[in-house]
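Visitor: Okay, sequence plus prediction incoming.
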Amino acid sequence: MAAIEVHQISKSFGETKAVKDMSFNVNDGELFGLIGPDGAGKTTLIKILVTLQKPDSGSAKVDGQDVVSGYHHIRNIIGYMPGKFALYQDLSIEENMSFFADIFGTKIEEQMELMGDIYKQIEPFKKRKAGQLSGGMKQKLALCCALIHKPKILVLDEPTTGVDAVSRREFWDMLSHIKKQGISILVSTPYMDEAARCDRIALVQEGSIIALDTPKGIIKDFAHPIFGIKGDNNYHLIEELKNMPGLRSLYPSGEYAHLVMDDKNQSSEEIKNYAAAKTHQKIEIEPIEADIEDCFIEMMQHG
């Protein structure tokens, strides 16, 4: 039995179709990622799966229970971490955790095997009010509270938004540890680089799933030569190269621009010669491997 089953779920708000016929499964023990930009429908879908909203059509099951008729069961076996910090700001770390432990009829000490490594990082500050914590500390506290009752399934809505790069990496390390405890995890994120930390992912845009596979499987299907190109001024370089013959797409990516060509036999030297004739900038160019962001842009621009 899959931990989560989603079958043609749709949800609208007035004229806005937030989720359009989405279907996928999250397998038992899997770390599954919903990857897409803000407004893609990730949060709406997650709210349906954690029984906070009802779908307009389609069906979904969590731990074998329907998200509409089986909401009592689902709420007891999931751990949910919403995108916005939702704990009590005027309670301390210790008080927030004790409150959630009481709700689920357990004790903090009883769940140390699952969340002990995370709790150790915030324990020195357990008397500090939640509203006074940094973004990374709030994130760890929210995760501890979501794990306080040892859920079968963990659902996280953009948990790394607004925290620094180090905290983001630490958080994904924590998820890997939690997954080893046999907990199934569904996590959403707008950060394409985090997709590689998932077992499987769904790329989501405008309420629809545009790709569903392992991260490596999606990247393997990228069929065009791609180059990293860098000049003295990448913004001007992109403007100067945007009409290059055979150009499929060109966009900034970190300190480089990524240049995708239609011709599979295109060489770096040919592109460099063309660029030299169009710009006075000093050019660096090299073939590169596509990543998830490149795949997402390709699907958005060329279907």
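Guide: Cool, the structure landed. Predicted, not measured: the structure shown is a model, and the values here were computed from it.

Visitor: Does Asp117 touch Leu175 like I think?
Guide: No. Taking contacts as C-beta atoms under 8 Å, Asp117 lies outside contact range of Leu175: 11.8 Å. Where C-beta positions appear, they are placed from N, C-alpha and C, glycine not excepted.

Visitor: Of those two, which one has the most company?
Guide: With neighbours defined as other C-beta atoms under 10 Å, Asp117 and Leu175 compare such that Leu175 has more, 21 against 13.

Visitor: The more buried one in helix, strand or coil?
Guide: Under DSSP: H, G, I helix; E, B strand; the rest coil, Leu175 falls in the helix class.

Visitor: wait, isn't it in contact with Arg197?
Guide: Yes. Using C-beta under 8 Å, Leu175 is in contact with Arg197, at 7.3 Å.

Visitor: contacting residues around the residue nearest the centre of the chain?
Guide: In the chain, the C-alpha closest to the average C-alpha coordinate belongs to Thr189, at a distance of 2.2 Å (C-alpha atoms, centre = their mean). Applying C-beta atoms under 8 Å, 6 or more residues apart in numbering, one finds that Thr189 lies in contact with 33-35, 158-161, 195.

Visitor: ranges for the helices of this protein?
Guide: For the chain, applying DSSP state H gives helices covering 42-49, 71-77, 93-103, 112-122, 135-147, 165-180, 215-220, 234-241, 268-278, 292-302.

Visitor: And the contacts of the shortest one?
Guide: If you take C-beta under 8 Å, 6+ apart as the criterion, helix 215-220 is touched by 195-196, 198, 200-201, 203, 211, 289-292, 295.

Visitor: Next, the buried residues of that helix.
Guide: 215, 218-219 (16 or more other C-beta atoms under 10 Å).

Visitor: Quick check: of these, which lies closest to Ala3?
Guide: Nearest to Ala3 among the buried residues of helix 215-220, counting by C-beta to C-beta, is Pro215 at 19.4 Å.

Visitor: tell me the pLDDT at that closest one?
Guide: Per-residue confidence at Pro215 stands at 97 (pLDDT).

Visitor: For the residue nearest to His224 when sequence neighbours are not counted, give its distance to Ile218.
Guide: Spatial nearest neighbour of His224, chain neighbours left out: Val260 (5.2 Å); criterion: C-beta to C-beta, 6 or more residues apart in numbering. Here Val260 is placed at a distance of 15 Å from Ile218 (C-beta to C-beta, to the nearest Å).

Visitor: Please work out which residues outside stretch 65-79 touch it.
Guide: Residues outside stretch 65-79 that contact it (C-beta under 8 Å, 6+ apart): 48-51, 54-55, 59-63, 104, 146-149, 151-155, 183.

Visitor: model confidence over it, on average?
Guide: 96.

Visitor: how close does Thr161 sit to Phe222?
Guide: Per C-beta to C-beta, Thr161 is found 26 Å from Phe222.

Visitor: I meant Tyr256, not that one.
Guide: 17 Å.

Visitor: Equivalent analysis for Thr160, please.
Guide: Look at Thr160 and Phe222: by C-beta to C-beta, they are 25 Å apart.

Visitor: and the two? which has more neighbours close in?
Guide: Thr160 (23 against 17).

Visitor: Show the pLDDT at that one.
Guide: Here the pLDDT value assigned to Thr160 is 90.

Visitor: Over to Met115?
Guide: On pLDDT, Met115 comes in at 86.

Visitor: Do I have it right that it meets Cys145?
Guide: No. The pair Met115 / Cys145 is not scored as a contact, 9.3 Å apart, by C-beta under 8 Å.

Visitor: quick one on the thing from earlier: ChimeraX command for the buried members of the contacts of helix 215-220?
Guide: To isolate the buried ones among the contacts of helix 215-220 in ChimeraX, judged by 16+ other C-beta under 10 Å, type:
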select :195,198,200,201,203,211,290,291,292,295
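
Visitor: In a markdown table: the contacts of helix 215-220, plus pLDDT.
Guide: Converted to a markdown table, these look like this (pLDDT from 0 to 100):
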| residue | pLDDT |
| --- | --- |
| Ala195 | 94 |
| Ala196 | 93 |
| Cys198 | 97 |
| Arg200 | 98 |
| Ile201 | 98 |
| Leu203 | 97 |
| Ala211 | 96 |
| Glu289 | 95 |
| Ala290 | 96 |
| Asp291 | 95 |
| Ile292 | 96 |
| Cys295 | 96 |
